[in-house]
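S.K.: Build the 3D model from these lines:
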Amino acid sequence: MEELRVRIRAMVDDDKSVVFALAEEVLKPLADACGHPELFHEEEFLILMERAEVWIADTPHDPPEVAGYVITEPESQALAVRCLCVGPAFEQRHVDHRLLDWAEGLAYHRGLERLVAQTSAKDERSWELYAAHDYAPAEDDDRPETILMIKRLR
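M.R.: As a prediction, the model looks like this:
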């Protein structure tokens with residue numbers, strides 16, 4: 001499928017319902033499919049949306065549609081990718097890659113040392129995506145159901 005050129009921007013209040021609906025449509029079933037429904041809690045997601053930075057990938061259509069988003073948060077000389085979500089209609093169009101590129105650009109611009117992301121150990125597509133962007137898995141004995149992916153920038 002052809003790459004979709006997206007425009008990435010900060011979330012505004014009018015986007016919150018779309019971001020949450022997309023999480024319910026994509027992330028909740030993903031957590032269930034991985035055998036860890038506890039990885040997605042509606043209340044925690046709403047708190048995360050308020051506390052962290054949400055970056056929206058808009059389609060070039062008129063009017064634009066939300067193709068996906070990435071949620072980032074500073075974490076001890078790192079930028080943590082807390083959530084990466086792409087709408088089903090836009091999968092295989094490289095929206096996920098553009099969002100990770102955006103997060104990396106933020107980290108570089110801010111002079112941070114690394115990017116980190118946590119994904120389910122059973123979510124092969126996600127950790128393959130991170131690996132394609134030079135993230136490497138790190139051991140996390142405290143949470144064997146997840147994989148911590150780290151990309152060193154310096």
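
S.K.: For stretch 82-93, output the C-alpha coordinates as CSV.
M.R.: Below are the C-alpha coordinates for stretch 82-93, written out as CSV (Å, rounded to 0.1, in the frame of the first residue of the first chain):
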residue,chain,number,x,y,z
ARG,A,82,3.8,5.8,26.1
CYS,A,83,1.4,4.9,23.3
LEU,A,84,1.5,4.6,19.5
CYS,A,85,-1.9,4.1,17.8
VAL,A,86,-2.8,4.0,14.1
GLY,A,87,-6.4,3.7,12.8
PRO,A,88,-7.2,0.5,11.0
ALA,A,89,-8.0,2.3,7.8
PHE,A,90,-4.4,3.7,7.8
GLU,A,91,-2.4,0.6,8.7
GLN,A,92,0.3,-0.4,6.2
ARG,A,93,0.6,3.2,5.1
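
S.K.: Identify each buried residue in that stretch, please.
M.R.: Neighbour-count burial for stretch 82-93 flags R82, C83, L84, C85, V86, G87, F90, R93 (criterion: 16 or more other Cβ atoms under 10 Å). The C-beta positions use only the backbone N, C-alpha and C, and glycine is treated the same way.

S.K.: Over to stretch 95-110?
M.R.: Of the residues in stretch 95-110, V95, D96, R98, L99, L100, W102, A103, E104, L106, A107 count as buried by neighbour count, 16+ other Cβ under 10 Å.

S.K.: where's the nearest residue to A138 once chain neighbours are set aside, which helix or strand?
M.R.: Spatial nearest neighbour of A138, excluding adjacent residues (Cβ to Cβ, 6 or more residues apart in numbering): L148 at 4.5 Å. Per DSSP states H and E, L148 falls inside strand 146-152.

S.K.: and if you look at L112?
M.R.: Under the criterion of DSSP H and E, L112 resides outside all helices and strands.

S.K.: Can you tell me the closest non-neighbouring residue to it?
M.R.: According to Cβ to Cβ, 6+ apart, the nearest residue to L112 is L79 (5.3 Å).

S.K.: ok, the buried residues of stretch 95-110 vs Y135, which is closest?
M.R.: L100 (8.7 Å; Cβ to Cβ).

S.K.: That closest one: what's it in contact with?
M.R.: Residues counted as contacts of L100 (Cβ atoms under 8 Å, 6 or more residues apart in numbering) are V70, V81, L84, L129, Y130, H133.
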